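[1] Here is a sequence together with a model predicted from it:
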Amino acid sequence: MTATTTPYDQLKGPTAVRRLLAAPTAGPLAALLLACVFFSLTTEQFLSGGNFSLIVQQVMVVGTLAIGQTLIILTAGIDLSCGAVMAFGSIVIAKTAAEGTLSPLAAITLGLVVCGGFGLLNGLLVQMIPLPPFIVTLGMLNVAFALTHIYSAEQTVTGLPAPLTALGETFPLGRTDITYGSLVTIALFLAFAYALSSTSWGRHVYALGNSPESARLNGIRTSRLTIGVYTLAGLVYGIAALLLISRTGVGDPQAGQTDNLDSITAVVLGGTSLFGGRGAVLGTFIGVLIVGVFRNGLQLMGVASIYQTLITGILVILAVTVDQISRKKAR
Amino acid sequence: MSTDTSMTPVLQARGLVKKYGQVTAIDGADFDLMPGEVLAVIGDNGAGKTSLIKALTGAIVPDEGEIRLQGSPIRFSGPQSAREHGIETVYQDLAVAASMDIASNMFLGRELRRPGVLGSAFRMLDKKRMREEAAAHMADLKIGLRSLTQPVETLSGGQRQAVAVARAVAWARSVVVMDEPTAALGVRESGQVLDLIRRVRDKGMPVVLISHNMPHVFEIADRIHVHRLGRREALIKPSDHSMAEVVAIMTGALTVKSDGGTVVTDADAARAAGVSAH
Amino acid sequence: MPRNHHAVPTLVRVTACTAVATLALTACGSGSQGGPGDGPVKVGLITKTDTNPFFVKMKEGAEQAAKDSGVELVSAAGKFDGDNAGQVTAVENMVNSGVKGILITPNDSKAIVPALEKARAKNVLVIALDSPTEPQDATDALFATDNVKAGELIGQYAKAAMTGKQAKIATLDLAPGVAVGLQRHEGFLKGFGIPEGDPSIVCSQDTGGDQAKGQTAMENCLQKASGINVVYTVNEPAALGAYTALKAKGLEEKVLVVSVDGGCTGTKAVKEGKIAATSQQYPLKMASLGVKAVADFAENGKKASGYTDTGVTLITDQSQTGTEAEDTAYGLENCWG
């Protein structure tokens, strides 16, 4: 701030290239590309359309969960219940449809409502009581887990009507088979990337994560926004439930037990700050692909699966460290 | 600046009372802000100036008394309702979103959408127009910044303050209230913020300035509202009194008479404040 | 220049990420061999988890057999007991990497079936180890312990040991709906010669096969019913948990604990008298038979089929008349984990 006015030469906003380089997703993207190059050089099967399609298909469930997780983490919250809520949603959909209680479409709708309801409940408890998100969702994790096992009577649900697994079907694109479900996941990522970057709602989510008090003083209805974000995340988990069913072809009460931590891993690897207010949902997509590429690549190399866990652990610590350092620098 | 008493005050309060159980935070306070002036509100810690300001900006609803805006009685249900009536507040912590850029902060909570279907159906923000308007506001106040797309957290304290002030001025139609705008700043940056306040006043926007810093108050204020024990103790011009006298009024050692003169009510306290008993 | 504040961390981030990614990869990639196609025949082994000693032993057996048959073993595992999604992913990746056959201990006997069907459609030989899929013919073959028989052996043993005494039985089971646990339980009752719901069964609790939960379950049973003198446990960790609970009450001498598994820790516990008898199973054998079956298939196109019992032996140092058993010296020689 000086008395002399300087010309506003930056009015156009940053160029696309500059924005990409400055974005918190630059590091994760570089890591992903490097991993791809490495696996392409060390294995013969890695670099193929079919294998990439497979990787995306393998990460579509956790990836979809991670979209909801990103929304919540951007508000400086966290959701430990996402995997359990998804599992409950998938059992509700699978069981009501397989037993013929509901038509497939009604079963899917009910699943979405149930998952959205869990999100709403999370949001209400976080906002209204208020309680720390960690505790609320830890409790909800156990509630949803228990309901899944009670409702399913520990039985895997088989014999699902065809519409429930339709998203697991593939169509050929050139010589590569693409799963419909992958497209759903990618479409969701793009939709939320748009909503977060180019609508008022998105700006308010970031502002809320920066400082709820500042957001409130700027006229943002923070209670409604918080509850809305948790509910929306729940609905996204409902979509993940449908994708899960379509991928495995059954309703599995044991599903999703580590997906809460896996989705947080993807969010953190994608450069979104656990302290809220900074990050991007496309970063999360990169994060989830990093996990998928390492798992697939190491498997193709014949490296035991425990090393994936080792590498993922190192990458997570690294990503959080970088986040901390960049936050300190910004201060 | 003219403070002709025949003009209608922009913001006025009479007999405000706010009680929290046994504690009386506002005890029949009056308040007058004239068009185009910088009114400093000073008072000892616990004098109740924060409560007064909160009542005037809608953050608390007083139990008794009347607030008038441009001469008409008004009730604020919350900060948002005060904002809607053109009263903007620059909070002490600035209430900015640190990771967001200047233009985004300027329009936070009041974003502009693209015209046509992009805006109505897709809710798409008009980022270009927001940047342009933000730039215009900054230029209007002669605030020079390299880029409007850098995150606010990368700015210095004074620059952040400037952004918060520019935002308030951009949206204020009646009053800008600033809570301790120089408290966290060094000497040079404080001077820049005081310059900025002057420019805001020169645009014709009245400013309520809450401050502890007596030299800053004397440098910039047209009038000083001295708050003590939950009510207005005195409303004076800085030219009529010394800094020591104002401090003495604040602490209750001096009392202002209706003709503008002062009487010593507590000789010891007055001596401690550096005012000699006449 | 404020913009630099933002650029620096990005640069740090990029460099740091790449550095570690490369390091990590070179470190653990060094042991691997080249690609598929004309390379050696690949055999995939997918265990329930890669931390349980049972599966560690299974993997050892598979590695040894792979070396003997000149094939390459690739392995993967679920992240936790019950993780179906992780196993599905492993199946897909293995099929993609061109394995000739997959050996799998399914975490979910039903949920894994669609993934296995897809693998078999690509002419991959699929063999279930340790526990069957539902339906059992979703795999080409099953190499497993007969869990009913494993239960039966310790049931018969307990029956013989309790001759002339009124038995009061506690059963420490696995979990509802899990076939292995149900079969062992059923076998035990059959061997003991009592039906389900017999009044001599005074307490039944789930342990998840976990030592701490086994202890809690035993404590609860002791609260619930007095005079328990036979404890059936689904596996040795549960048995050791039960022993701890019994010892705390000074009951360890008065109660007969029987179990299933034959792990080295469990077999030692038999030697020390903490567990009276256990039914030993042979994961190493399951795996080595599996690898050989895949190697055969690669060589002459013959697919293994049906159920192969990999055997079970009663291990005890206090043998009872009328039951066939080996002593703990034999047990320790053949134990796993």
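    It's in.

[2] mind listing what A:A195 touches?
    Counting by Cβ atoms under 8 Å, 6 or more residues apart in numbering or on different chains, A:A195 touches A:W201, A:G202, B:R123. (C-beta placed from N, C-alpha, C; glycine too.)

[3] Most neighbours among those, which one is it?
    The most crowded member of those, judged by other Cβ atoms under 10 Å in any protein chain shown, is A:G202 (21 neighbours).

[4] Surely that residue touches A:A193?
    No: the criterion here is Cβ atoms under 8 Å, and A:G202 misses it with A:A193 at 9.1 Å.

[5] surely B:Q92 meets B:M178?
    No: B:Q92 lies out of contact with B:M178 (Cβ under 8 Å); the separation is 9.0 Å.

[6] Show me which of the two is the more surrounded one.
    More crowded of B:Q92 and B:M178, by other Cβ under 10 Å: B:M178, with 26 against 15.

[7] on that earlier part again, so which of the contacts of A:A195 sits lowest on pLDDT?
    Among the contacts of A:A195, B:R123 carries the weakest pLDDT, at 92.

[8] Just want the phi and psi numbers for the closest residue to chain A within the stretch 151-300 of chain C.
    In the stretch 151-300 of chain C, the residue that lies nearest chain A is C:G177 (3.6 Å; Cβ to the nearest Cβ). With angles defined as degrees, to the nearest 10, C:G177 sits at phi 80, psi 0.

[9] What residues does the residue lying closest to it once chain neighbours are set aside make contact with?
    Setting aside the residues directly before and after it, C:G177 is nearest to A:E154 in space (Cβ to Cβ, 6 or more residues apart in numbering or on different chains), at 3.6 Å. Taking Cβ under 8 Å, 6+ apart, we find A:E154 in contact with A:P253, C:A175, C:P176, C:G177, C:V178.

[10] lowest-confidence helix or strand of chain A?
    One helix or strand of chain A scores below all others by mean pLDDT, DSSP states H and E: helix A:16-22, with a mean of 59.

[11] contacting residues for C:L153?
    C:L153 touches C:G187, C:G191, C:S279, C:V312, C:L314, C:T323, counting by Cβ under 8 Å, 6+ apart.

[12] pLDDT on the strand or helix carrying it, on average?
    For C:L153, the host element (DSSP states H and E) is helix C:147-161. Averaged across helix C:147-161, pLDDT comes to 95.

[13] Quick check, A:R216 in contact with A:T222.
    Yes: with contact defined as Cβ under 8 Å, A:R216 and A:T222 form a contacting pair (4.9 Å).

[14] and the residue of the stretch 151-300 of chain C closest to chain A, how many neighbours?
    Residues lying near C:G177 (other Cβ under 10 Å) number 14.

[15] Would you mind measuring from the nearest residue to C:T233 once chain neighbours are set aside to chain B?
    Take C:T233 and drop its neighbours on the chain: the residue closest to it by Cβ to Cβ, 6+ apart is C:A239, 3.9 Å away. Distance, C:A239 to chain B, using Cβ to the nearest Cβ, to the nearest Å: 56 Å.

[16] Repeat that for A:G117.
    Where chain B is concerned, A:G117 sits at a distance of 25 Å (Cβ to the nearest Cβ).

[17] Any chance of the backbone angles for the residue in the stretch 1-150 of chain B that chain C sits nearest to?
    The nearest approach of the stretch 1-150 of chain B to chain C comes at B:Q150, 5.3 Å away (Cβ to the nearest Cβ). Taking degrees, to the nearest 10, you get phi -90, psi 150 for the backbone angles of B:Q150.

[18] which parts of stretch A:189-208 are buried?
    By 16 or more other Cβ atoms under 10 Å in any protein chain shown, the buried positions in stretch A:189-208 come out as A:189, A:192-193, A:195-196, A:198-208.

[19] Using CSV, write out the CA atom coordinates for it.
    Written as CSV, here are the backbone C-alpha positions of stretch A:189-208 (Å, rounded to 0.1, in the frame of the first residue of the first chain):
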residue,chain,number,x,y,z
PHE,A,189,-15.2,-34.9,-9.8
LEU,A,190,-15.7,-32.4,-12.7
ALA,A,191,-19.1,-31.2,-11.3
PHE,A,192,-17.7,-30.5,-7.8
ALA,A,193,-14.5,-28.9,-9.2
TYR,A,194,-16.8,-26.5,-11.1
ALA,A,195,-19.0,-25.9,-8.1
LEU,A,196,-16.1,-25.2,-5.8
SER,A,197,-14.2,-22.9,-8.1
SER,A,198,-16.9,-21.1,-10.0
THR,A,199,-19.9,-20.6,-7.7
SER,A,200,-20.7,-18.6,-4.6
TRP,A,201,-21.3,-21.8,-2.8
GLY,A,202,-17.8,-23.0,-3.5
ARG,A,203,-16.3,-19.7,-2.3
HIS,A,204,-18.3,-19.9,0.9
VAL,A,205,-17.1,-23.4,1.6
TYR,A,206,-13.5,-22.2,1.3
ALA,A,207,-14.3,-19.1,3.5
LEU,A,208,-15.9,-21.3,6.1
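
[20] What confidence value was assigned to the closest residue to B:R188 other than its chain neighbours?
    Using Cβ to Cβ, 6+ apart and skipping the chain neighbours, the partner closest in space to B:R188 is B:G158 (7.8 Å). The model reports B:G158 with a pLDDT of 87.

[21] B:G158: what secondary structure?
    Each residue gets one of three states, and B:G158 gets helix by DSSP: H, G, I helix; E, B strand; the rest coil.

[22] count of residues packed around it?
    21.

[23] correct me, but it touches B:E189?
    Yes: judged on Cβ under 8 Å, B:G158 makes contact with B:E189 at a distance of 3.2 Å.

[24] how about the residues of the stretch 51-200 of chain C near chain A?
    When proximity is defined by Cβ under 8 Å from any Cβ of the partner chain, the stretch 51-200 of chain C lies next to chain A at C:72, C:74-77, C:79-80, C:82-85, C:88-90, C:92-94, C:96-98, C:107-111, C:113-115, C:175-178.

[25] Mind checking which of those are in helices?
    Among those, the members found in helices (DSSP state H) are C:N84, C:A85, C:V88, C:T89, C:A90, C:E92, C:N93, C:M94, C:N96, C:V113, C:P114, C:A115.

[26] re earlier: what number of residues lie near the residue of the stretch 1-150 of chain B closest to chain C?
    Other residues near B:Q150 come to 21 when the count uses other Cβ under 10 Å.

[27] angle of the helix or strand where A:I67 lies against helix C:84-96?
    Under DSSP H and E, the secondary-structure element containing A:I67 is helix A:49-74. Calculated by axes from the mean of the first three to the mean of the last three Cα atoms, to 10 degrees, helix A:49-74 forms an angle of 150 degrees with helix C:84-96.

[28] does helix A:49-74 come close to chain B?
    No: using Cβ under 8 Å from any Cβ, helix A:49-74 never reaches chain B; the gap is at least 10.2 Å.

[29] buried ones in that helix?
    Buried residues in helix A:49-74, defined by neighbour count with 16+ other Cβ under 10 Å: A:51-74.
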